[in-house]
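**Student:** Need the 3D shape of this:
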Amino acid sequence: MSELEPAYRWRLPPPGPVDPELASAARELAVPERLLGILSARGVHTPTDLTAFFGPPLSALHDPRLLPHADAFRARLSVAASRSERVLVFGDFDADGLTGLAIMTLALRRLGLDASPYVPSRLEEGHGLSLRAVERAHSDGRTVIVTVDCGTSSVAEVEAAREIGIDVLVTDHHHPPSVLPPAAAIVNPHLAASRYPEPRLAGSGVALKLAQLVLAAQVGGPEFALGLADLAAIGTVADVAPVLGENRAIARLGLDSLRSACRPGLAALLRSAGVEPARVDLDTVAFAVAPRLNAVGRLGDAGAALRLLLEESEQEAERLGSELNEANLRRRELTAEVLDEARRDAEQMIDGPAVVVAGAWPVGIIGVVAGRLAETHNRPVVVLSTAVSPWRGSARTANGFDLAAAFADCRDLFERFGGHPAAAGCSLPGDRFEAFRQRFLALAAAAGPPDPRPELAVDIVVHANDLGYALHRELALLAPTGPGNPAPMVGVTGLVVTRVRQASGGHTQLTLRKGREVLDAICFDRPDLGDGVREGDELEVVARVGSRMFGGFESLQLEVRDAASPGALGRVLAASRRDAAVLAGATVP
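**Tutor:** Numbering: from 1, shown residues only. Have a look, this model is predicted:
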């Protein structure tokens, strides 16, 4: 065959020495040696990290009393309970905010408080605590507001609440601004004075920890709080928080709950998606559960999603599950229409360091569209809706570009902004759009030219003869996989193509020989491989290693992400060793 070049930019983390104490802990936990390199690249560096990864999930949960302002948070709610004060619980309208809102509402009600949940309108109120919610709390006679997954940047709104005698307890996980709101407590692991050992919690994760905190002394309270881990697991994955450390423990506890004792609303949602609870994994959460929770808020009122999470009636849960499923179908159709328009605009910026486009598009769709464009163009993308005033923007990153830092550098142009390094949002007047576009493009250009090929991380490289069930079982120990701990990608050398077939849906099926054995491979969304590969070609692939059952027999299967002619993985290995030498301070030839 002619030389087959990779469609992706393959990268193998540089190998490093294994700490003797880490190797010893791995032997005690029966962790295979070749997994240590993968784990080290994912931030598992100490025996404590390794034990948290493979040990019982409860042992990886930290003491919630270490959270900033935890004492003040608990004390104010204790006073509220003793005085029979009424509480408004304010949560964001995305899946992380909704699941965190459900956790906090259930926990405070268990504590004996009159806790009323409030879901803001994406279109009319946007992200963060709103003045409308403060006014609602005041008119309803609620003297405490607890925010979930937001509030750290809501200075004016918290001040407005304080002026009318309402105490605000902020619970959040977003990076704090230089000026903090005058809240009665700000529980955020990113505060400068935080002693909490896990800063990567999602908003729902912070809510779960606070449920543990306030229910610790109640009979049956600790068990009730842990029973909310299913909601926190959904929020954690939906917010793309890394499934490592305490987040991994939350995910493991949550999956156990989803598989064995699924609450009525989530059971109905899984049925609408055609998923059996026993087969739920984090991919199910990311691609079946979270999009359905998000859909109603993208199209209008997210209240239906919250009601589903809190619903105890199976009949009503079934109705709400169907409503969310229908909303998700409509959201898909609308996304396809908007994406087609935005792509045409983005094509005009194909050579630029970033993509910034604006149009009269629904606010609830622009985040999804930004994510798709970032994947397609492999560069930072900002999509703004001109259908509202001020304009609303949503951004997604690529190539490691820090959106949170970039938006902070544009703060003088925004009315509001916030987010993470990988995803951010903003509001700005339309007459400032061109100034923002120019500044954002300059920031992206200063970060360096984008590689037109997306990066594909390779976790381990093996010869085809070493590709077997033993490797498959070892890699399965990394589950549950998700953000920060993705399903491992294996580079395989020494394969020979024995069959190529174009499959429906734009996929390619391959049969590959390794020694005297053959195995099947599926290449999703890669019709180009059907044209670029021929029978008899030698091939190197980067793939997930899986298995399937057919006729009572198990067989290995590769889910191929990319392929190339022989030598490509050798070049990746050489580059990895050079990087390791540079890190070690050695001379690189």
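
**Student:** now stretch 104-123: mean pLDDT?
**Tutor:** Averaging pLDDT along stretch 104-123 yields 96.

**Student:** hang on, I meant stretch 141-149
**Tutor:** Average pLDDT, stretch 141-149: 98.

**Student:** Any buried residues in it, and which?
**Tutor:** By 16 or more other C-beta atoms under 10 Å, the buried positions in stretch 141-149 come out as 142-149. (Glycine included, C-beta is placed from N, CA and C.)

**Student:** what two of those are the furthest from one another?
**Tutor:** Greatest spacing in the buried residues of stretch 141-149, by C-beta to C-beta: Thr143 and Asp149 (22.0 Å).

**Student:** Number of residues surrounding Asp531?
**Tutor:** Look at Asp531: counted by other C-beta atoms under 10 Å, it has 10 neighbours.

**Student:** Does it lie in a helix or a strand, and which?
**Tutor:** Taking DSSP states H and E as the definition, Asp531 sits inside helix 527-532.

**Student:** residues in contact with that helix?
**Tutor:** If you take C-beta atoms under 8 Å, 6 or more residues apart in numbering as the criterion, helix 527-532 is touched by 1, 4, 7, 500-502, 506-508, 510, 523, 560, 563.

**Student:** And what about Gln218, helix, strand or coil?
**Tutor:** The three-state assignment at Gln218 reads coil, by DSSP: H, G, I helix; E, B strand; the rest coil.

**Student:** show me the residues around Pro486 that make contact.
**Tutor:** By C-beta under 8 Å, 6+ apart, the contact set of Pro486 is Ala457.

**Student:** swap the cut-off to 10 Å and go again
**Tutor:** 42, 242-243, 282, 457, 459, 478, 544 (C-beta atoms under 10 Å, 6 or more residues apart in numbering).

**Student:** and what of Pro429?
**Tutor:** 389-391, 413-415, 436.

**Student:** Which of those fall in strands?
**Tutor:** Among the contacts of Pro429, DSSP state E puts Trp391 in strands.

**Student:** most surrounded residue in the contacts of Pro429?
**Tutor:** Phe436 leads those on contacts (other C-beta under 10 Å) with 23 neighbours.

**Student:** Can you tell me how far that residue is from His174?
**Tutor:** With the distance defined as C-beta to C-beta, to the nearest Å, Phe436 ends up 21 Å from His174.

**Student:** which one of the contacts of Pro486 is nearest Asp256?
**Tutor:** Distance to Asp256, by C-beta to C-beta, is smallest for Leu282 among the contacts of Pro486, at 12.6 Å.

**Student:** Test my guess that the closest one contacts Asn485.
**Tutor:** Yes. Look at Leu282 against Asn485 with C-beta atoms under 10 Å: they come within range, at 9.2 Å.

**Student:** How far off centre is stretch 429-447?
**Tutor:** 26 Å (C-alpha atoms, centre = their mean, to the nearest Å).

**Student:** Then stretch 389-406?
**Tutor:** Centroid displacement of stretch 389-406 relative to its chain, using C-alpha atoms, centre = their mean, is 16 Å.

**Student:** again with stretch 206-217
**Tutor:** When distances are taken as C-alpha atoms, centre = their mean, stretch 206-217 is centred 23 Å away from the chain's centroid.

**Student:** Same question for stretch 435-453.
**Tutor:** 24 Å.

**Student:** ditto for stretch 46-54
**Tutor:** Centre to centre, stretch against its chain (C-alpha atoms, centre = their mean), the figure for stretch 46-54 is 22 Å.

**Student:** Strands of the stretch 151-300 of the chain, residue ranges please.
**Tutor:** Using DSSP state E, counting those that start in this stretch, the strands found in the stretch 151-300 of the chain span residues 167-171, 185-187.

**Student:** what does the stretch 451-589 of the chain give?
**Tutor:** Taking DSSP E, counting those that start in this stretch, the strands of the stretch 451-589 of the chain run over residues 455-457, 460-463, 490-503, 507-514, 517-523, 538-550, 553-564.

**Student:** Which of the ones you listed sits closest to Leu29?
**Tutor:** Of all those, strand 460-463 sits nearest to Leu29, with 19.1 Å by C-beta to C-beta.

**Student:** The closest one packs against which elements?
**Tutor:** helix 33-41, helix 469-476, strand 490-503, strand 538-550, helix 568-584 (3 or more C-beta pairs under 10 Å, 6 or more residues apart in numbering; DSSP states H and E).

**Student:** closest one to Val368 among these?
**Tutor:** Val368 lies closest to strand 538-550 among these, at 24.5 Å (C-beta to C-beta).

**Student:** for the record, mean pLDDT for the closest one?
**Tutor:** pLDDT averaged over strand 538-550 gives 91.

**Student:** before we move on, what about stretch 333-351?
**Tutor:** The average pLDDT within stretch 333-351 is 91.

**Student:** likewise stretch 24-36?
**Tutor:** Stretch 24-36 shows a mean pLDDT of 90.

**Student:** next one: stretch 487-500
**Tutor:** 96.

**Student:** Give the full set of residues in contact with Leu334.
**Tutor:** So Leu334 contacts 295, 298-299, 361-362, 364-365, 368-369 (C-beta under 10 Å, 6+ apart).

**Student:** Show the backbone phi and psi for it.
**Tutor:** The phi/psi pair for Leu334 (degrees, to the nearest 10) reads phi -70, psi -40.

**Student:** Okay, buried residues for the helix holding Asp531 please.
**Tutor:** Residues of helix 527-532 classed as buried by neighbour count (16+ other C-beta under 10 Å): 529-530, 532.

**Student:** and Tyr192, how many neighbours?
**Tutor:** Not Tyr; residue 192 is Ala. The number of residues near Ala192, taken as other C-beta under 10 Å, comes to 7.

**Student:** Name the nearest residue to it, ignoring sequence neighbours.
**Tutor:** Leaving aside its chain neighbours, Ala192 sits nearest to Pro176 (7.7 Å; criterion: C-beta to C-beta, 6 or more residues apart in numbering).

**Student:** Can I get the strands of the stretch 151-300 of the chain in TSV including mean neighbour count and mean pLDDT?
**Tutor:** Shown next, in TSV, are the strands of the stretch 151-300 of the chain (neighbours: other C-beta atoms under 10 Å; pLDDT from 0 to 100):
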stretch	mean neighbour count	mean pLDDT
strand 167-171	26	98
strand 185-187	25	98
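
**Student:** Which of the ones you listed sits closest to Ala207?
**Tutor:** strand 167-171 (6.2 Å).

**Student:** if I look at the residue of the chain most remote from its centre, how far off is Gln509?
**Tutor:** Distance from the C-alpha centroid of the chain peaks at Arg516, with 41.2 Å (C-alpha atoms, centre = their mean). Using C-beta to C-beta, Arg516 is found at 21 Å from Gln509.
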